[in-house]
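Q: sequence plus predicted model, see below.
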Amino acid sequence: MEAKVKAWGGAGIFITRWLLSPLGPWINLASGTAGYPWHRFLFWDILGEITGAAVFISLGRFFSDRVMSLYGVLGDLTWAIAALLAAAVFGYLLLTHLRRARVSVSPAASGVAPGPDA
């Protein structure tokens, strides 16, 4: 986990401050557990918060007559992105598990005698 946090730490912290906000608390917990340096965390946290504020202020300025409907759409988009990301991760894990299971089960290991062609 520490290697993943260090590899994706800055990008993960930045994205979860404004685009994938529901994942923010989990990233905070993972970063703290993995010993992510607090000054780096603070840098990415502040940068993400400023970006999020700028995005929503800009959206409000340009689409002020529809800001509430935009907020709802962006909230739904956040959950859709999170769901797609989770599906991709779990799909990858399932494929790697199935590949390992297929490699570990061979005819000799399963007790099946080889056919006449073998």
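A: Nice, I can see it.
Q: next up, the contacts around the residue nearest in space to the middle of the chain.
A: What sits nearest the mean C-alpha location of the chain, by C-alpha atoms, centre = their mean, is Leu85, with 5.5 Å. Neighbouring residues of Leu85 by C-beta atoms under 8 Å, 6 or more residues apart in numbering: Leu20. From N, CA and C alone the C-beta is placed, and that goes for glycine too.
Q: just Val55 next, same as before
A: Trp18.
Q: try it again with 10 Å
A: 18-19, 74 (C-beta atoms under 10 Å, 6 or more residues apart in numbering).
Q: quick one: which helix or strand includes it?
A: Following DSSP states H and E, one finds Val55 within helix 38-62.
Q: that helix: how far from the chain's middle?
A: How far helix 38-62 lies from its chain's middle: 19 Å, per C-alpha atoms, centre = their mean, to the nearest Å.
Q: buried residues in the helix ranked longest in the chain, which are they?
A: Longest helix in the chain by number of residues (criterion: DSSP state H): helix 67-104. Using 16 or more other C-beta atoms under 10 Å as the test for burial, helix 67-104 gives 78, 82.
Q: any idea how far it is from the chain center?
A: 8 Å.
Q: cool, stretch 2-19 as well?
A: That offset, for stretch 2-19, works out to 9 Å (C-alpha atoms, centre = their mean).
Q: okay, buried residues for it please.
A: Residues 5, 9-10, 12-19 are the ones in stretch 2-19 that count as buried (16+ other C-beta under 10 Å).
Q: pull the CA atoms of it into CSV?
A: The C-alpha trace of stretch 2-19 is given here as CSV (Å, rounded to 0.1, in the frame of the first residue of the first chain):
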residue,chain,number,x,y,z
GLU,A,2,2.8,2.4,0.8
ALA,A,3,4.3,2.0,-2.7
LYS,A,4,0.9,2.8,-4.3
VAL,A,5,0.4,5.8,-2.1
LYS,A,6,3.8,7.1,-2.9
ALA,A,7,3.4,6.4,-6.6
TRP,A,8,-0.1,7.9,-6.8
GLY,A,9,0.0,10.1,-3.7
GLY,A,10,0.1,13.6,-5.3
ALA,A,11,-2.3,12.9,-8.1
GLY,A,12,-4.6,11.0,-5.8
ILE,A,13,-4.7,13.7,-3.2
PHE,A,14,-5.2,16.4,-5.9
ILE,A,15,-8.0,14.6,-7.7
THR,A,16,-9.9,13.7,-4.5
ARG,A,17,-10.0,17.3,-3.5
TRP,A,18,-12.3,18.4,-6.3
LEU,A,19,-13.2,15.7,-8.8
